[in-house]
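Chemist: Give me a 3D structure for the following:
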Amino acid sequence: MQDWGDASNWIARFAGWTAPSVRAPWDRYGVSLTFALLCLLIRSSLEPLVGERLPYFLLYAAVFFASWYGGLRPAILVFLAGGFTATYLWVPPFRDLHSGTISDWMELVSYIVVSLFIIGLGEAYRRALDSAREEGQKLHRSEEQLRSSQTRLRMTQQATKSGTWEWKITTNTYYWSPEYYSLLGLQSWIEPTYQNWLGAMHPEDRDRVHLSIRSAIETGQEYAEVDYRITDAEARTRWIRARGSILRDDEGNPILMLGVSMDITERKQSESLLIQTEKLVSAGRMAATIAHEINNPLESVTNLVFLANNNLTEPQAAAGFLRMAEQELARMSHLTRQTLGFYRETSAPHKLKVSELIQELQMLYGPKLKKKDISLELFVRSEIEISAVGGEVRQVFGNLISNSIDAVEQNGEIIIVVSAGKNWRGSPMPGMRITVVDNGPGITPKLRARIFEPFFTTKKDVGTGLGLWVSRNLIEKHGGAVHLHSRTTQGKSYTAFSIFLPMIPVDTSRQPAAMAATRRRAG
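Modeler: So this is what the prediction gives:
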């Protein structure tokens, strides 16, 4: 059974029913000749009334029908066969092979001209029908493909817990897919607006997301990507990641943003577990270092107390030993207070100086540096205070220093340069740039491509493969960035991690005015 397009397309259905090319040859020729024979029989039955006059008038109908039903060749066959038959039956001069009158010739010529005209019109009509039929089939296939694509897209969005959205910036109109409504936990009757989108978020994320979108639009970026939290119907917090492509006109003005959002709650939970795992590993390494650091003065105190006990007859010497023991105990007390400070440190961002954190780590890793005769130099060119979580920043630079110590050979060198600067992305955001350089063997390009992947490590039996991955996540969490440069040329090898930390992760000083202006444009 032929399918000529959508049922609502009457042109396609009519074209499919009338187009000669869809019929079998025997059907087209047989029906056309049968109709011509019927016309001849009717003309013969009318002979008592009209005699030999008008021999061809019913053949015009036969030629027209053959052209419409059978096509070009059946119409020509009917034209020739019907013409010869009518001429033989009802035009005696031609039947007897005599030249007829002018009237006979005019009638024959008229039959030929009119029949050819009818055949020509029929052929043009047939081609138009074929074209309409093909267009109908194409339209039907396109509609089927569109429906299939929409079905696959819906299934994909449901399987991946994602939804699509569109924002026409010039007209401030929005479109949200049904899956996106479900993702946000909103009813389908709610109007898709910027305010309703922000209202669906966790209150603590609204300003950050708004500023990120505004920055992407105003600074000429091609993409905008934000993570934010929502609260679902069961009062559970879920994480959503939205990524949009910003389309601009020839002058660079934003006109449209197309995007997709997906539920990344499980990914966030997995990342949180990995970060906690790495924190425990870092705590273990720090505990081992502190234990080693405390063990040395303990041994000294034990020896000094023993010497003081054995020199009770010489009070001056015993007092000297006890003063030295007191100095070692003070050193142990300082390490203990510092360790307690690490433990009790708040998880909220606070003002700090990066150089002071690095100096603490420099002292902490002193025994490991001394064991390999490694020189660690800190150069502070310029510095401003930044707002950050001290424990997380300390963990980042602790990982980098520990990796450098493991990478360099005996008598190696590590240099840390601290300076105030701006982000590499061209943003005017001020902050601190910290570069950690070592003269180790370097990292090959193949390994550099995977160096920030979780569980990837070059330390076979020591590393967890989470240190650099966690470090990058912590830096990006603060709104910063990390770059890696390395060379493996023998005698000139090095590895440098360059980190930027913004002065304030979210610029709250200009939020009220800036957000009001942008929201007026958005709403």
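Chemist: now V389, nearest residue through space, not along the chain?
Modeler: Sequence neighbours aside, P349 is the residue nearest to V389 in space, at 5.6 Å (criterion: Cβ to Cβ, 6 or more residues apart in numbering). In short, each C-beta sits where N, CA and C put it, glycine included.
Chemist: for I475, same thing?
Modeler: Closest to I475 by Cβ to Cβ, 6+ apart is V482, at 5.0 Å.
Chemist: what about the one you found, how many neighbours?
Modeler: Residues contacting V482 under the criterion other Cβ atoms under 10 Å number 19.
Chemist: now R28
Modeler: Residues contacting R28 under the criterion other Cβ under 10 Å number 20.
Chemist: Enumerate every residue touching it.
Modeler: P20, Y69, G70, G71, P74 (Cβ atoms under 8 Å, 6 or more residues apart in numbering).
Chemist: Need the residues you listed in CSV (columns: neighbour count, pLDDT and secondary structure).
Modeler: Below are the contacts of R28 laid out as CSV (neighbours: other Cβ atoms under 10 Å; pLDDT from 0 to 100; DSSP: H, G, I helix; E, B strand; the rest coil):
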residue, neighbour count, pLDDT, secondary structure
P20, 24, 57, helix
Y69, 19, 80, helix
G70, 26, 79, coil
G71, 22, 79, coil
P74, 27, 86, helix
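Chemist: To which secondary structure element is Y29 assigned?
Modeler: Assigned by DSSP states H and E, Y29 falls within helix 25-45.
Chemist: What average pLDDT does that helix get?
Modeler: Throughout helix 25-45, pLDDT has a mean value of 83.
Chemist: Buried ones in it, by neighbour count?
Modeler: Judged by neighbour count using 16 or more other Cβ atoms under 10 Å, the buried positions of helix 25-45 are R28, Y29, V31, S32, L33, F35, A36, C39, L40, R43.
Chemist: Could you list the low-confidence segments of the stretch 251-400 of the chain?
Modeler: Within the stretch 251-400 of the chain, the ranges that satisfy pLDDT under 70 run 278-293, 295-297, 299-300, 312, 328, 331, 334-347.
Chemist: about what we covered before: direction included, what does the helix or strand containing the residue nearest to I475 pair up with?
Modeler: Assigned by DSSP H and E, V482 belongs to strand 481-487. Next to strand 481-487 in the sheet, as set by DSSP bridges, lie strand 494-502 (antiparallel).
Chemist: quick one: the helices in the stretch 101-250 of the chain?
Modeler: For the stretch 101-250 of the chain, helices defined by DSSP state H, counting those that start in this stretch occupy the ranges 102-160, 178-184, 194-199, 203-218.
Chemist: How about the third one, which residues are buried there?
Modeler: Of the residues in helix 194-199, those buried by neighbour count under the rule 16+ other Cβ under 10 Å are Y194, W197, L198.
Chemist: next one: the second one
Modeler: Residues of helix 178-184 classed as buried: E179, Y180, Y181, S182, L183, L184 (neighbour count, 16+ other Cβ under 10 Å).
Chemist: quick one on the thing from earlier: adding distance to G120, write the buried residues of helix 25-45 out as TSV.
Modeler: Listed next are those as TSV, based on distance: Cβ to Cβ, whole Å:
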residue	distance to G120
R28	18
Y29	20
V31	21
S32	17
L33	21
F35	19
A36	18
C39	20
L40	23
R43	24
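Chemist: Of the residues you listed, which is the nearest to G431?
Modeler: Nearest to G431 among the buried residues of helix 25-45 is R28, at 82.2 Å by Cβ to Cβ.
Chemist: Return the most buried member of the helices of the stretch 101-250 of the chain.
Modeler: Of all these, helix 178-184 has the most neighbours on average by mean count of other Cβ atoms under 10 Å, namely a mean of 20.
Chemist: Next, I415: phi, psi?
Modeler: phi -120, psi 130 (degrees, to the nearest 10).
Chemist: Tell me how far it lies from S404.
Modeler: With distances taken as Cβ to Cβ, to the nearest Å, I415 is found 10 Å from S404.
Chemist: Also V305?
Modeler: In terms of Cβ to Cβ, V305 sits 38 Å off from S404.
Chemist: got it, and N310?
Modeler: For N310, the distance to S404 equals 44 Å [Cβ to Cβ].
Chemist: higher neighbour count, the two?
Modeler: Each of N310 and S404 has its neighbours counted (other Cβ under 10 Å); S404 has more, 26 against 12.
Chemist: Just list the residues touching the more buried one, thanks.
Modeler: Counting by Cβ under 8 Å, 6+ apart, S404 touches I414, V436, D438, G440, T495.
Chemist: I'd say the last one and G440 touch.
Modeler: To tie it back to what came earlier, the one meant is T495. Yes - counting by Cβ atoms under 8 Å, T495 does reach G440; the two are 5.7 Å apart.
Chemist: So for those two, which sits in the more crowded spot?
Modeler: T495 (24 against 21).
Chemist: If the more buried one is in a bridge, with which residues?
Modeler: On the basis of DSSP bridges, T495 is bridged to D438, S486.
Chemist: for S419, same thing?
Modeler: With DSSP bridges as the rule, S419 is bridged to R433.
Chemist: residues contacting it?
Modeler: Neighbour list for S419: V380, R381, S382, E383, M432, R433 [criterion: Cβ under 8 Å, 6+ apart].
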